[in-house]
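K.L.:
Give me a 3D structure for the following:
(one chain, ligands or ions: 3)
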Amino acid sequence: METTIVKAYGAAASDADLNQMDIQRRVVTAKDVEIEILYCGVCHSDLHTARNDWGGTVYPAVPGHEIVGKVTKVGSEVKRFKVGELVGVGCLVDSCRTCDSCKKDLEQYCLTGFTGTYNGKEKYLGTQTFGGYSEKIVVDDHFVLKVPGNLDAAGVAPLLCAGITTWSPLKHWGVKKGSKVAVVGLGGLGHMAIKLAKGLGASVTLFSRSEGKTEDAKKLGADAVVISTDPGQMKSVRGKFDLIIDTVPYVHDVNPYVGTLTINGTLVLVGYLGELDPMLNSVPMIMGRKSVSGSLIGGIAETQEMLDFCGKHNIVSDIEIIKMQDINQAYERMIKSDVKYRFVIDMASL
Ligand code: NAP
Ligand code: ZN
Ligand code: ZN
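P.N.:
Ligands and ions are numbered 1, 2, ... in the order given. Predicted structure coming up:
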């Protein structure tokens, strides 16, 4: 298969800084869209992957799955997009399209495994997939999203992961006007969860370790902030929430949050992947029919629905634009929770 060489930024090993490198992209097939990347958001998953936190990273690794760009070429069978159009690509670039999950527009739960935008398997080239920290990407048109024209293109980028990852559980658990939602952690996912839950008409509480984020959280739309390290504040919200979206990226005690769920309430883990420590105590779950669940990004149709909702409600991410060359420093700041509230790379800097 024919390929072109494209400039990118990636990690050569788990303990290496990200640096400029060349990668290969396939040339467009009949169903492909070629996109010149304008902006790429920086997700905590990028850092987990670059540093092999989850195991399984194939190097070199080029992260980035919050991509907004302009269409530069389309394959002969592509009807939905034209050259020059502003489009988005999120965490998925392929799936089998035929299994039960795919048929239900749940490509993220494809029974044969979806193809991630990075660290997936490039089905034409047999290499790992390379993400959005690069000049260009080539994606099957089914996995390309339309970006509402009224929104700021850089602020849209984080919607493609942080937005859909929080939108999907809000919709799945039926959040509507009057629902009581709480969000754990005010980072990229957390700030989008607040904006989207608010947009759906819910009342929203933020759980944060960081006292300094209270004012910002309220500006973002939170009705209340609870400092999770303060037992008195935690007690004051016992039995209160219908849905809690927990975005914390590292192992932490989930039990105190379960206690703040109402009868039939659900806590959805979206941040941390792995065994819980301490373990879950079943008593409050049994005594109040409470659930602890998990959720992975969202399907393509659902992502488009979220983007259209954001277009209608004028919702974008609060971002700090960085140059590609500042990515290593951005990762260090992200670990310290020093981001308001998403870094977005201006790809022109590459
Ligand atoms: P982020 O911007 O770094 O935000 C995480 C927030 O969690 C921080 O701002 C902080 O908020 C809180 N936090 C951080 N470390 C903590 C600790 N040790 N204990 C307690 N709280 C802590 O990260 P993100 O990009 O939103 O991503 C969050 C997680 O979701 C990552 O692990 C990422 O890989 C994962 N993710 C999952 C999916 C999915 O499909 N399920 C999709 C995208 C990302 P406060 O300062 O307010 O406490
Ligand atoms: Zn992500
Ligand atoms: Zn499938």
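
K.L.:
wait, what's in contact with A61?
P.N.:
Shown in contact with A61 (CB atoms under 8 Å, 6 or more residues apart in numbering): 10-11, 49-50, 118-119, 128. Quick note: C-beta positions are derived from backbone N, CA and C, even for glycine.

K.L.:
how about those residues in a markdown table, adding distance to ligand 3 and secondary structure?
P.N.:
As requested, the contacts of A61 are exported to a markdown table (distance: CB to the ion, whole Å; DSSP: H, G, I helix; E, B strand; the rest coil):
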| residue | distance to ligand 3 | secondary structure |
| --- | --- | --- |
| G10 | 28 | strand |
| A11 | 29 | strand |
| T49 | 22 | helix |
| A50 | 27 | helix |
| Y118 | 19 | coil |
| N119 | 18 | coil |
| Q128 | 20 | strand |
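
K.L.:
measure E85 to K323 for me?
P.N.:
The spacing between E85 and K323, counted by CB to CB, to the nearest Å, is 26 Å.

K.L.:
So those two - more neighbours on which side?
P.N.:
Using other CB atoms under 10 Å, the more surrounded residue of E85 and K323 is E85, with 17 against 13.

K.L.:
Name the nearest residue to the more buried one, ignoring sequence neighbours.
P.N.:
Spatial nearest neighbour of E85, chain neighbours left out: V71 (4.8 Å); criterion: CB to CB, 6 or more residues apart in numbering.

K.L.:
in what helix or strand does the one you found lie?
P.N.:
strand 67-74 (DSSP states H and E).

K.L.:
by contact count, what packs against whichever helix or strand comes after that strand?
P.N.:
Going down the chain from strand 67-74, the next helix or strand is strand 86-89, by DSSP H and E. Packing partners of strand 86-89 (3 or more CB pairs under 8 Å, 6 or more residues apart in numbering; DSSP states H and E): strand 32-42, strand 67-74, strand 145-146.

K.L.:
if you set the cut-off to 10 Å instead, what comes out?
P.N.:
Applying 3 or more CB pairs under 10 Å, 6 or more residues apart in numbering; DSSP states H and E, we find strand 86-89 packed against strand 32-42, strand 67-74, strand 136-140, strand 145-146, helix 153-156, helix 300-313.

K.L.:
Does anything pack onto the longest one? Which helices or strands?
P.N.:
The elements that helix 300-313 packs onto, with contact taken as 3+ CB pairs under 10 Å, 6+ apart, are strand 86-89, strand 145-146, helix 153-156, helix 162-172, helix 188-199.

K.L.:
most tightly surrounded among these?
P.N.:
Mean neighbour count (mean count of other CB atoms under 10 Å) peaks for helix 188-199 among the helices and strands packed on helix 300-313, with a mean of 27.

K.L.:
now check it, is it near ligand 2?
P.N.:
No. Between helix 188-199 and ligand 2, judged by CB under 5 Å from the ion, nothing touches; the nearest distance is 7.8 Å.

K.L.:
which ones are touching V225?
P.N.:
186, 204-208, 210-211, 213-218, 233 (CB atoms under 10 Å, 6 or more residues apart in numbering).

K.L.:
What about those, which are in helices?
P.N.:
Secondary structure from DSSP state H places 214-218, 233 of the contacts of V225 in helices.

K.L.:
Considering those residues, which possesses the most neighbours?
P.N.:
Neighbour counts for the ones in helices among the contacts of V225 peak at A217, which has 24 neighbours (criterion: other CB under 10 Å).

K.L.:
ok, back up a step: state the pair within the ones in helices among the contacts of V225 that is farthest apart.
P.N.:
The most widely separated members of those are D216 and Q233, with 17.6 Å between them, by CB to CB.
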